[in-house]
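>>> Using only what follows, build the 3D model:
(chains A and B)
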Amino acid sequence: MVTRMPPYRHDGPSRVEQCPQHAATGAVGPAVLFALVFTVTTPGTAHAYLDPATGSLVVQVVAGTFVGGVYLVKKYWRQITGRLVRRAAGDDTPPSAPARPRPH
Amino acid sequence: LTSASSARVAGSFRDPSGFAFRRNGLVHRQVNAAYRATYDALVEARFYDEAIEAGLLVSHRELAADEIEPDGAAYKVLLPEQLPFVSYPYEWCFGQLKEAALLTLQLQRFALERGFWLKDASAYNVQFHRGRAVLIDSLSFEAYPEGRPWVAYQQFCKHFLAPLALMSHRHVELGKLHRVYVDGVPLDVASALLPRRTRYLSSLALHVHAHARALRAHAVALASRGKATGRLGRTGLLGLIESLEGSVRALDWQPQGTPWGDYYDATSYSEEAHADKKAVVDRVTTSGEFRSAWDLGANTGVFSRICASNALHTVAFDADPAAVEKNHRQCRSDGVSDVLPLVLDLSNPSTDQGWDNQEQMSLRARGPADLVLALALVHHLAIGNNVPFARIAQFLRRLCRTLLIEFVPKDDSQVQRLLAAREDIFGWYAEAVFLRDMESSFVLRETFALRGSEQRLHLFTAREA
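Residues are numbered from 1 along each chain as shown, chains lettered A, B, ... in the order given. Below you'll find the predicted structure:
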């Protein structure tokens, strides 16, 4: 049984929204980044022993929308091309097991 | 663990989940009661078994209660497979750091597929063992808290991505920044040092440059506004890992343009002398007397591989990152698993450092090796670094029990190369003086001549301290 962490709280207005320092954040589309930061950043509690650093959390939350989208597009593209290749090879059966991590 | 605590591994103190300690010469890992629920979940999910089977995690055995006496804070004690040599990121070549980075990301994906994630991403948790990178900290995992951004994202960028980017885009020697910054290269430092063009590469622009700016901005915000965090779904997290992996894979460095990378192409040895030298190393290492060897000034590891072929675990040190990179790639392509190539400048070898000067061990603290090879090295130390023979002998005495050392005479072309642009103040550089000064630290066992060469190899036994 996997131990789950307490549900993540998403219960308050953005605190960082009030901070004028955000004007310095990011080299990629600063205006877009800040608009996203203002809408998705909320207070919470970190339980790990590392300090996650607020700036790192903000970058992930902002970038997550984009890199997550790219990830989904690639994932579905790989599925589609995989099916086409199998169909061209005359094998319509789906792969028997999920993909394992690639050896490095 | 009263006695165990006294032998606690000095660098193992940050994570409250447990710590490493030494007992009877073996490294153990204590699992603290605070980690009990997570540890049980990992065992129940067969996570450790699968990670070990996949070659991602060093294997371990859970000790029974009658094998070791746990104290109140201990839940379990693990006995990991023992590593013959511990190395550090500032001693790795570019390819090794890249391999360690990809392993960390692979483990993060592997864990997420099973409902866990990495709660830290320290390069010091990775070691090279049996010819591949493996994670050594079995307590680096916890249940994946759905919706939470990766707590170790900054650590990954500081320990892996930033130094790799600096080595690839600026200079390979910048890998040594790990020695200055014990928790990885600060992202603002990396951002300032990287070429301007990297600001327009999507991955480095995000993970290094924008990341550095955000850290700077929010460090100020935290002080006055309190904690802040946000939500990152599983898809976003997987996308982040894929983006980091793409960034790491895109970074490259080719081993060329350094002083000694092409040494064997420009060597002064005849084929006969080179063959004889190999035969001497083979003869010395087939005796069965030695289990470990350090090849100092190993270059691309020709003689290290002979040691390894005779079942000695061999660490191949060289100051030239190109030579070490070539050695690493050759070992990988040939499937050589008992040679560990490392970057080391003998004029300034790795020291005890980190918190209280105890987190990372000096070169000397990781010895002594059963056998040290110092082939075509002494002239670099004596003439290249102005170290008298007696000081070289004292230094080597502290590193080994037995020494195979080559004396290269002054009229050799490689020595003349070192003297080409400087005044010859080395009137004492002669084999008779060398042998006399070595005698204070070593006892001479045997001397080997090489056909068609003035170089000679001397086998010494270290005197008791």
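>>> Where does pLDDT dip in chain A?
A:1-48, A:91-104 (pLDDT under 70).
>>> how does it look with 80?
Scanning chain A for pLDDT under 80 picks out the ranges A:1-48, A:90-104.
>>> Looking at it, which residue is nearest chain B?
Closest residue of chain A to chain B, Cβ to the nearest Cβ: residue A:64 (2.8 Å). For every residue, glycine as well, the C-beta is placed using N, CA and C.
>>> Tell me how many other residues surround that residue.
Neighbour count for residue A:64, taken as other Cβ atoms under 10 Å in any protein chain shown: 27.
>>> Give me the residue at the spatial middle of chain B.
residue B:87 (3.0 Å; Cα atoms, centre = their mean).
>>> What is the neighbour count of the nearest residue to it once chain neighbours are set aside?
Counting by Cβ to Cβ, 6 or more residues apart in numbering or on different chains, residue B:87 lies nearest to residue B:342, which is 5.6 Å off, once chain neighbours are set aside. When neighbours are defined as other Cβ under 10 Å, residue B:342 has 24 of them.
>>> and residue B:342, backbone torsions?
With angles defined as degrees, to the nearest 10, residue B:342 sits at phi -140, psi 150.
>>> before we move on, what about residue B:51?
Backbone torsions for residue B:51, taken as degrees, to the nearest 10, come to phi -70, psi -40.
>>> residue contacts, the closest residue to it other than its chain neighbours?
By the measure of Cβ to Cβ, 6+ apart, the closest residue to residue B:51 outside its immediate chain neighbours is residue B:57, 4.0 Å from it. Residues in contact with residue B:57 (Cβ atoms under 8 Å, 6 or more residues apart in numbering or on different chains) are B:48, B:51, B:107, B:134-136, B:138.
>>> Can you list which of these are found in helices?
Here DSSP state H is the test, and these give B:48, B:51, B:107 as lying in helices.
>>> Any chance of the residues you listed in TSV with neighbour count and pLDDT as columns?
Listed next are the ones in helices among the contacts of residue B:57 as TSV, based on neighbours: other Cβ atoms under 10 Å in any protein chain shown; pLDDT from 0 to 100:
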residue	neighbour count	pLDDT
B:48	18	98
B:51	24	98
B:107	26	98
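>>> and of the residues you listed, the nearest to residue B:322?
Distance to residue B:322 across these (Cβ to Cβ) is lowest for residue B:107, with 29.4 Å.
>>> Look up the closest residue to the closest one, ignoring the ones flanking it.
That would be residue B:56: by Cβ to Cβ, 6+ apart, it lies 5.3 Å from residue B:107.
>>> What are the boundaries of the helices in the stretch 101-250 of chain B?
For the stretch 101-250 of chain B, the helices defined by DSSP state H, counting those that start in this stretch cover B:153-156, B:162-169, B:177-180, B:187-193, B:202-204, B:211-225, B:234-250.
>>> Who are the packing partners of the fourth one?
Okay, so that is helix B:187-193. Where contact means 3 or more Cβ pairs under 8 Å, 6 or more residues apart in numbering or on different chains; DSSP states H and E, helix B:187-193 is packed against helix B:162-169, helix B:211-225.
>>> mind redoing it with 10 Å?
Applying 3 or more Cβ pairs under 10 Å, 6 or more residues apart in numbering or on different chains; DSSP states H and E, we find helix B:187-193 packed against helix B:162-169, helix B:177-180, helix B:211-225.
>>> Please confirm that residue B:445 is located within a strand.
Yes: Residue B:445 forms part of a strand when assessed by DSSP: H, G, I helix; E, B strand; the rest coil.
>>> What is the burial count for it?
If we define neighbours as other Cβ under 10 Å, then residue B:445 has 13 of them.
>>> Is the residue nearest to it when sequence neighbours are not counted within a helix or a strand, and which one?
Sequence neighbours aside, residue B:459 is the residue nearest to residue B:445 in space, at 4.6 Å (criterion: Cβ to Cβ, 6+ apart). Taking DSSP states H and E as the definition, residue B:459 sits inside strand B:456-462.
>>> Residue B:406 in helix, strand or coil?
Going by three-state DSSP: residue B:406 is strand.
>>> Just list the residues touching it, thanks.
Residue B:406 is in contact with B:277, B:280, B:297, B:373-379, B:448, B:450, B:453, B:455-458, counting by Cβ atoms under 10 Å, 6 or more residues apart in numbering or on different chains.
>>> circling back: report the beta-bridge partners for the residue nearest to residue B:51.
Per DSSP bridges, residues listed as beta-bridge partners of residue B:57: residue B:135.
>>> Can you tell me the SS state at the residue of the stretch 251-400 of chain B found nearest chain A?
Among the residues of the stretch 251-400 of chain B, residue B:332 lies nearest to chain A; the distance is 10.9 Å by Cβ to the nearest Cβ. When classified by three-state DSSP, residue B:332 comes out as helix.
>>> Could you measure from it over to residue B:164?
Applying Cβ to Cβ, to the nearest Å, the value for residue B:332 to residue B:164 is 17 Å.
>>> What of residue B:42?
Distance from residue B:42 to residue B:164, by Cβ to Cβ: 29 Å.
>>> now swap in residue B:8 and tell me
The spacing between residue B:8 and residue B:164, counted by Cβ to Cβ, is 32 Å.
>>> more neighbours, those two?
residue B:164 (25 against 15).
>>> quick one, what contacts residue B:448?
Residue B:448 makes contacts with B:276-277, B:279-281, B:283-284, B:404, B:406, B:455-459, as judged by Cβ under 10 Å, 6+ apart.
>>> Quick check: bridge partners of it?
Here residue B:448 sits in beta bridges with residue B:457, as judged by DSSP bridges.
>>> Using the three-state scheme, assign residue B:82.
At residue B:82, secondary structure determined by three-state DSSP is coil.
>>> Taking chain B, what residue is nearest to chain A?
Nearest to chain A, among the residues of chain B, is residue B:236, at 2.8 Å (Cβ to the nearest Cβ).
>>> Count the residues that sit near that residue.
Quick note: residue B:236 (other Cβ under 10 Å) scores 25 neighbours.
>>> Same question for residue A:88.
8.
>>> if you average pLDDT over stretch B:458-465, what comes out?
Taken as a whole, stretch B:458-465 has a mean pLDDT of 94.
>>> My guess is residue B:139 contacts residue B:80. True?
No: counting by Cβ atoms under 10 Å, residue B:139 stays clear of residue B:80, with 11.0 Å between them.
>>> any common contacting residues for the two?
Common contact partners of residue B:139 and residue B:80 (Cβ under 10 Å, 6+ apart): B:20, B:29.
>>> Looking at these two, which one has more neighbours?
Higher neighbour count among residue B:139 and residue B:80: residue B:139, with 24 against 18, using other Cβ under 10 Å.
>>> can you pull the contacts of that one?
B:12, B:15-20, B:29-32, B:35, B:38-39, B:42, B:78, B:119-120, B:125.
>>> same thing but 8 Å
Residue B:139 neighbours (Cβ under 8 Å, 6+ apart): B:15, B:17-18, B:29, B:31, B:35, B:39.
>>> Filter those residues down to the buried ones, PyMOL style.
This is the PyMOL syntax for the buried subset of the contacts of residue B:139, where burial follows 16 or more other Cβ atoms under 10 Å in any protein chain shown:
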select buried, chain B and resi 15+17+18+29+31+35+39
